[in-house]
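Student: Structural data only, the sequence is not supplied:
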């Protein structure tokens, strides 16, 4: 990835993105995640083009906001797992707002079996009411 693309992508993540852990209860795992949301699909297609060329993954989903006359359709780019860590590592020197969270995600380790059981139990207790 070119340095200008790294800087541009870091700016997109810092300003329009979310970096954190996504939990997949059916798989009993947590994944490092990058999400970038915007109402401009061409903007996210450029994000997708850069990231797909680098790691070959990621997807764009349309997520409608509450139905009000002035709201636009919201598009979100998602990238999960080690590939998200790879992108964050490349953009790390240019990240400002999300720099700390990106460092935290670099220590990604799969959950132990005990942590997985605790996660599923917590999920069942929280959402079975």
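Tutor: That came through fine. Since we're looking at a predicted model, the values are computed, not measured.

Student: Could you list everything residue 63 pairs with in the sheet?
Tutor: Residue 63 forms beta bridges with residue 74, as assigned by DSSP bridges.

Student: That one against residue 74, yeah?
Tutor: Yes - counting by CB atoms under 8 Å, a contact exists between residue 63 and residue 74, whose distance comes to 4.9 Å. Where C-beta positions appear, they are placed from N, C-alpha and C, glycine not excepted.

Student: between these two, which one's more packed in?
Tutor: In this view residue 63 and residue 74 are compared by other CB atoms under 10 Å, and residue 74 has more residues nearby, 13 against 9.

Student: what's the pLDDT at that one?
Tutor: In the predicted model, residue 74 carries a pLDDT score of 87.

Student: Surely it touches residue 60?
Tutor: No - taking CB under 8 Å as the contact criterion, residue 74 and residue 60 are not neighbours in contact, 11.0 Å apart.

Student: got any ranges where this structure has weak pLDDT?
Tutor: Scanning the chain with the threshold set as pLDDT under 70 gives 25-28, 64-67, 108-113, 115-117, 119-129.
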